[in-house]
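Colleague: Sequence and predicted structure, then a few things I'm wondering about:
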Amino acid sequence: MECHGATVAVTEESEALLLVGSPNVGKSALFQALTRARATISNYPGTTISLSRAPLEGGLPLYDTPGIYGLLPLSEDEEIAREALIHPGTSRVIVVVDAKNLRRGLALALDVAEAGRPLVVALNMADEAWALGYRIDPRLLSDLLGAPVVSTVATRGEGVEALRDALSQAALPRLRPAYPAPIAQAIEEVAALLPPALREKRLCAISILAGERALLEECAPGLPEETLAAFARIRKELSPRLTMPLRAALTAARLAEAGKLEKAAGRRDGRGFRKPFRERLGEWAMQPVTGPLILAGVLFGMYKFVGEFGAGTLVELLERQLFKEVITPFITRGVEALSGWAFLREMIVGPYGLFTMGLTYALAIILPVVGTFFLAFGVLEDSGYLPRLSLLVNRLFRAMGLNGKAVLPMVLGLGCDTMATLTTRILETPKERLLVTLLLALGIPCSAQLGVIMGLLGEASAASVLIWAGVVSGVLLLVGFLAARLLPGDPSDFIVEIPPVRVPQLSNVLLKTLARIEWYLKEAVPLFLAGTLLLFLLDKLGALLWLQGLAAPVVNGLLGLPEEAANSFLIGFLRRDYGAAGLFALAKAGKLDSAQVLVSLVTITLFIPCVANLLIIVKERGVRTALAIAVFIFPFAFLVGGALRYALGALELTP
Amino acid sequence: MECPLCGYAFAPQEAAAHGCQLCPLHDGCGAISCPNCGYCQPSTAKIEGRLRRLARWLRGESPAHENTPQVQGWTRLRDLAVGTRARVVAIRGFSSRSAARLGGFCILPGAVIELLQRKPAFVVRVEETTVALESKLAGGIWVQSFLPGEEALPAASKR
């Protein structure tokens, strides 16, 4: 396998194919084109992290991976991609390259080649490169590199057939970057000490030289002490002979090699075309005056679409007209006809009925809000707006010990905090991941909750909305500010790639939205049903009144709310949005005045995250962290609520 | 350093290994716990550094990256005018992580970059890649402006 130039035959073992590449090169689009969008989410064997997986024609599974900048990972999602790459089942790799950033992409391909897997290079977005005036000869490039190169436009399906055919000719590139002599020598020395059968020997050697432990333990565990000592010695001898840091030297060597390839197989005629309007829009979105204006426009558009259309029109249509008038009476009649047993009847269609309460909330109130939010988020994501937003808010996030990159999980949290907690993997340091996890759990209402809250506040007054938003964002800033100072660790530097502005593709946005809605329903509906069942049983056993009495000192004494509000906080343990929906019902019944609405909403917004989110926090950050977060948030939410109640009273404000 | 309570002399690393290990905040609080008696005193290292920097700034000296040799014609990216192109000559004062990130974007010595904007964050273009970075980092990227006429030469990547 260390041979230069020979085309390595693909072994017969149970195998999988992998798509790798930098972020924003169209991997997912290519994934969809190759698999005809039969994508499902599943776990990659041997890791706990989900990668997208779908069968190619011919039955081999193809995996889509998070974007990487290199094989010495800087964040958790890059680690996931590398783990997938060195998985024993990974037999062939498609390196996706942005054709207009050819040098960078080829350098990454040379990096990936160190993992010892035969590969094919896809020059994606060939149309954009062409429009910019780049002319690349894939055949010549392929000859020089020693592995197939195919030019593709994934979004239009161009070249996808050729790429599929080229897979059978996948090869380990014979071209190898000319690393500075001391590094090349050190790599050989380390590689010679590794097990000879190891395919990713060179990659492993490089990572050892870079001082990484993880990869070594992954591919060659249990090496004798002397070998480890020899590694340390080689590293120590190498460091004084380096003229620049190792990573930089490796990147520079690969870029130099890739530059030669680019020069030989590509040229540029003309300067490309006039700057399109959307590029200028993209520039405005980043600038001090126009940026906030565009942000205000985006927020207004989101409010109109999600708040008014989703939470207003659609909910009205589904809840009032479809459920209340058609489906519920139908089910009620059906249940009554089928069963004379009052207990069962009440369990399904009673006031705490699985159908009348649980399913109706989930499908008629929450689903339209979540659906419209994910649709809007998908459009923002594909347009390239979010990285520009991260640049705009970087300063603000700095105050909370984060940098602008954290805006992505925070905005996604407005859709679903659980999903957002998973995306904290894109952040670089453990401190940032922990901070964002905490802030998401504390004060970012998910779209379901937001929809209910907006519905309630909308009927109150503009002042209520302002006070609610002010208190919640004030708490977020304050807690972020303090936690940033108290938690150990450092934030990372803000360096973000700004992709070109693109017109989102309808099919892609729709597919993503559907996948997210599916995830949401799978997660939410069982919890809604479990929560309803719990309430129903507690009510039947008479424990509900007892619990209300128990919670009275806090709910009634501290927050000044009627005792029934305890129900909402009780189910709030399962889902915050469900709790908010309970408050909605209370307010509708005229049992809350405007100050009480405000106090209860602030409390439920800051209330502990739903069970699903808590479980994900356990999975991602560990039990201790999850417990600490819950123990902090639970009393804190009530304290803030109580403080707000007394502040409103003292200032004699009636919002 | 010496504990003001019990007089025990110790190195800050020793404190981190003993008293601070038990505390859930670890070393995030900025206080140093005496390994002998546990008494906490504030660490003065950070504030001292800040005051020194303030004093230097008041005296009109340049604050960061003093270790960078002043070479004729070198400027920081931070001091470049918007819309100009320049060649990167050195990357200083970066963590290895950030330097690797920049390298991944082809921002390495020898690359030709164009400054697109500076506020609220710096945005540069390298070939067809646009990258945003905060001003602190723009102080660590040293560039050499093109001489008159030299800029007309095709950029390194577009020979």
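Modeller: It's in.
Colleague: Near chain B, which residues of the stretch 451-600 of chain A are found?
Modeller: A:485-489, A:492-500 (CB under 8 Å from any CB of the partner chain). C-beta: built from backbone N, CA, C; applies to glycine.
Colleague: Contact partners for residue A:208?
Modeller: A:190, A:215-216, A:231, A:235 (CB atoms under 8 Å, 6 or more residues apart in numbering or on different chains).
Colleague: Domains in the chain, by residue range?
Modeller: Unless you meant another one, I'm taking chain A. When chain A is parsed with automatic domain parsing, its domains come out as A:17-169, A:181-242, A:291-650.
Colleague: To clarify, I was referring to chain B.
Modeller: Following automatic domain parsing, one gets these domains for chain B: B:12-58, B:74-158.
Colleague: Could you pull out the buried residues of the helix or strand residue A:548 falls within?
Modeller: Residue A:548 is part of helix A:543-552 when elements are defined by DSSP states H and E. Residues of helix A:543-552 classed as buried: A:544, A:548, A:551 (neighbour count, 16 or more other CB atoms under 10 Å in any protein chain shown).
Colleague: got a list of contacts for it?
Modeller: With contacts defined as CB under 8 Å, 6+ apart, helix A:543-552 is touched by A:535, A:538, A:555, A:563-564, A:566-567, A:569-570.
Colleague: Near residue A:303, how many residues? Count them for me, please.
Modeller: For residue A:303, the number of neighbouring residues by other CB atoms under 10 Å in any protein chain shown comes to 14.
Colleague: Distance check, it against residue A:296.
Modeller: If you measure residue A:303 against residue A:296 using CB to CB, to the nearest Å, the figure is 10 Å.
Colleague: Look up how far chain A lies from the spatially most central residue of chain B.
Modeller: Compute the mean C-alpha point of chain B, and by CA atoms, centre = their mean the closest residue is residue B:93, 4.6 Å away. From residue B:93 across to chain A, the span is 11 Å (CB to the nearest CB, to the nearest Å).
Colleague: Is it correct that that residue is in contact with residue B:141?
Modeller: No: shown here, residue B:93 and residue B:141 do not form a contact pair, counting by CB atoms under 8 Å, at 9.4 Å.
Colleague: Strands of chain B, start to end?
Modeller: Using DSSP state E, the strands found in chain B span residues B:31-33, B:40-42, B:74-76, B:85-91, B:112-117, B:122-126, B:129-133, B:141-145.
Colleague: How about the contacts made by whatever residue of the stretch 1-150 of chain A ends up closest to chain B?
Modeller: Proximity to chain B, evaluated over the stretch 1-150 of chain A using CB to the nearest CB, is greatest for residue A:69 at 3.5 Å. Applying CB under 8 Å, 6+ apart to residue A:69 gives the contacts A:22-23, A:78, A:108, B:100-101, B:104-105.
Colleague: For the helix or strand where residue A:434 lies, output the C-alpha coordinates as PDB.
Modeller: Assigning secondary structure by DSSP H and E places residue A:434 in helix A:430-443. Only the C-alpha atoms of helix A:430-443 are listed here, as PDB (Å, rounded to 0.1, in the frame of the first residue of the first chain):
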ATOM      1  CA  PRO A 430     -14.900  22.900  25.100                       C
ATOM      2  CA  LYS A 431     -15.600  26.100  26.900                       C
ATOM      3  CA  GLU A 432     -17.600  27.500  24.000                       C
ATOM      4  CA  ARG A 433     -19.500  24.300  23.600                       C
ATOM      5  CA  LEU A 434     -20.400  24.300  27.300                       C
ATOM      6  CA  LEU A 435     -21.400  28.000  27.300                       C
ATOM      7  CA  VAL A 436     -23.700  27.700  24.300                       C
ATOM      8  CA  THR A 437     -25.200  24.500  25.700                       C
ATOM      9  CA  LEU A 438     -26.000  26.400  28.900                       C
ATOM     10  CA  LEU A 439     -27.400  29.400  27.200                       C
ATOM     11  CA  LEU A 440     -29.600  27.300  24.900                       C
ATOM     12  CA  ALA A 441     -30.900  25.400  27.800                       C
ATOM     13  CA  LEU A 442     -31.500  28.500  29.900                       C
ATOM     14  CA  GLY A 443     -33.000  31.100  27.700                       C
END
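Colleague: does it come close to chain B?
Modeller: No: using CB under 8 Å from any CB, helix A:430-443 never reaches chain B; the gap is at least 8.6 Å.
Colleague: Ok, stretch A:294-314 next?
Modeller: No: figure legend: stretch A:294-314 not in contact with chain B (CB under 8 Å from any CB); closest approach 11.8 Å.
Colleague: ok, how many other residues are close to residue A:450?
Modeller: 22.
Colleague: which residues does it contact?
Modeller: A:369, A:414.
Colleague: make it 10 Å
Modeller: Applying CB atoms under 10 Å, 6 or more residues apart in numbering or on different chains to residue A:450 gives the contacts A:306-307, A:311, A:369-370, A:373, A:414-415, A:444, A:577, A:580, A:605.
Colleague: likewise residue A:386?
Modeller: Contacts of residue A:386 (CB under 10 Å, 6+ apart): A:377, A:380, A:405, A:407-408, A:411-412, A:496, A:499.
Colleague: Around chain B, pick out the residues from the stretch 251-400 of chain A.
Modeller: A:251-252, A:254-256, A:258-259, A:262-263, A:266-268, A:271-272, A:279, A:282-283, A:286-289, A:291-292, A:387-388, A:390-396, A:398 (CB under 10 Å from any CB of the partner chain).
Colleague: and the residue nearest the centre of chain A, what element?
Modeller: Geometric centre of chain A, nearest residue: residue A:423, 3.1 Å, by CA atoms, centre = their mean. Counting by DSSP H and E, the element that carries residue A:423 is helix A:417-423.
Colleague: Which neighbouring elements make contact with that helix?
Modeller: With contacts taken as 3 or more CB pairs under 10 Å, 6 or more residues apart in numbering or on different chains; DSSP states H and E, helix A:417-423 sits against helix A:407-413, helix A:430-443, helix A:506-540, helix A:611-621.
Colleague: Put together JSON lines for those, with mean neighbour count and mean pLDDT on each row.
Modeller: Below are these laid out as JSON lines (neighbours: other CB atoms under 10 Å in any protein chain shown; pLDDT from 0 to 100):
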{"stretch": "helix A:407-413", "mean neighbour count": "23", "mean pLDDT": "87"}
{"stretch": "helix A:430-443", "mean neighbour count": "24", "mean pLDDT": "91"}
{"stretch": "helix A:506-540", "mean neighbour count": "17", "mean pLDDT": "81"}
{"stretch": "helix A:611-621", "mean neighbour count": "19", "mean pLDDT": "82"}
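Colleague: Export those as a markdown table, with columns for distance to residue A:116.
Modeller: Output for the helices and strands packed on helix A:417-423, formatted as a markdown table (distance: least, CB to CB, whole Å):
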| stretch | distance to residue A:116 |
| --- | --- |
| helix A:407-413 | 33 |
| helix A:430-443 | 30 |
| helix A:506-540 | 33 |
| helix A:611-621 | 31 |
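Colleague: closest to residue A:600 out of the ones you listed?
Modeller: Proximity to residue A:600, assessed across the helices and strands packed on helix A:417-423 by CB to CB, is greatest for helix A:430-443 (15.5 Å).
Colleague: Next, the angle helix A:506-540 makes with whichever helix or strand comes after the closest one.
Modeller: Sequence order places helix A:447-459 as the next helix or strand after helix A:430-443, per DSSP H and E. Helix A:447-459 and helix A:506-540 meet at an angle of 80 degrees, taking axes from the mean of the first three to the mean of the last three CA atoms, to 10 degrees as the criterion.
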